[in-house]
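Asks: Sharing a model that was predicted from the sequence below.
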Amino acid sequence: MSGGFLGRLFGRGQHVDQGDRFVVPAVPTSEDLLASLDRVESIVAAGAVPAPVASRVRRVDQVVRDTIPRLPSLGAGSPQAYSVMATATDYLPEAVGGYLRLPRQFADNRPVDQGKSSLMVLIDQLDLLAATMDKVFDAVCRADADALVAHGRFLAEKFGSASTGGVLDVGSAPIPTMPGGVAGGRPISPQTAQSAEDAGGSGRLQPPTGRDAS
């Protein structure tokens, strides 16, 4: 069942013989995975399964959808990527399909495994898939978060922390002298310049012109 499909998917099963060549089926694309999830979701939306099953299918579906864009971070041959692709294309569809192939009365009421009905067995399978996909998604996000933290530490070592304004060495460039007649960026009036010259000559400040010194 699943082993044969995934074996063909990743080249672990039988190869297609074309003369002297062996052709391995291509790994499913993101579009293939989403299309498979859409088919399962359409079954759930049609009301073909009980509410407890529908809610669990949607939970698995959402986590897998959130993980698919991050598959390149996992690597196509990694066990985590394998689990995500297998869940979308085989594990989830087969679990729901196996339940739907049974008569509803039988599936919901007849004990088939340690006192559990087929419905309870399906719920257990969906809970396991959800827990597994949650772990994979958390691992992917944790890897991205660790990369962000590492990059932040690199920047802190190179430039200093934000609280100190950074420590980038731009060199000790000399402060350029201001053009003549400019002080502090403001033009100096002729009267002010003349007063400064008079004051410099006597060594003390002089009263303004036109007023008696007291």
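Replies: Now that the structure is in, tell me what you want to look at.

Asks: Every contact and neighbour count from this point should use C-alpha atoms.
Replies: Noted.

Asks: Tell me where the protein has strands.
Replies: Taking DSSP state E as the test, the strands found in the chain are 16-18, 21-23, 111-113, 116-117, 182-183, 186-187.

Asks: Show me what the longest helix seen in the chain is packed up against.
Replies: Using DSSP state H, we find that the single longest helix of the chain is helix 118-159. Contact here means 3 or more CA pairs under 8 Å, 6 or more residues apart in numbering; DSSP states H and E; on that basis helix 118-159 packs against helix 51-67, helix 79-86, helix 92-100, helix 104-109, strand 111-113.

Asks: got the angle for that helix vs helix 92-100?
Replies: Here the directions of helix 118-159 and helix 92-100 differ by 160 degrees (axes from the mean of the first three to the mean of the last three CA atoms, to 10 degrees).

Asks: and helix 118-159, average pLDDT?
Replies: Averaging pLDDT along helix 118-159 gives 91.

Asks: same deal with stretch 96-110?
Replies: Stretch 96-110 shows a mean pLDDT of 95.

Asks: in stretch 78-88, what's buried?
Replies: Gln80, Ala81, Tyr82, Ser83, Val84, Met85, Ala86, Thr87, Ala88 (16 or more other CA atoms under 10 Å).

Asks: Of those, which is the nearest to Asn109?
Replies: Set against Asn109, the nearest of these by CA to CA is Thr87 (26.7 Å).

Asks: OK, contacts around that closest one?
Replies: Taking CA atoms under 8 Å, 6 or more residues apart in numbering, we find Thr87 in contact with Val64, Pro93, Leu129.

Asks: again, only this time at 10 Å
Replies: 2, 33, 36-37, 60-61, 64, 81, 93-95, 129-130, 132-133 (CA atoms under 10 Å, 6 or more residues apart in numbering).

Asks: count of neighbours near Lys158?
Replies: Neighbour count for Lys158, taken as other CA atoms under 10 Å: 12.

Asks: From Gln80, how far off is it?
Replies: 35 Å (CA to CA, to the nearest Å).

Asks: and what of Arg59?
Replies: Distance of Arg59 to Gln80, given as CA to CA: 18 Å.

Asks: do the same with Ala150
Replies: Distance, Ala150 to Gln80, using CA to CA: 23 Å.

Asks: Now do the contacts for Ser55.
Replies: Ser55 makes contact with Val44, Val49, Asp61, Leu126 under the criterion CA under 10 Å, 6+ apart.

Asks: contacting residues around the last one?
Replies: Leu126 makes contact with 53-60, 91-92, 95-96, 120, 132 under the criterion CA under 10 Å, 6+ apart.

Asks: That's all I had, so thanks and see you.
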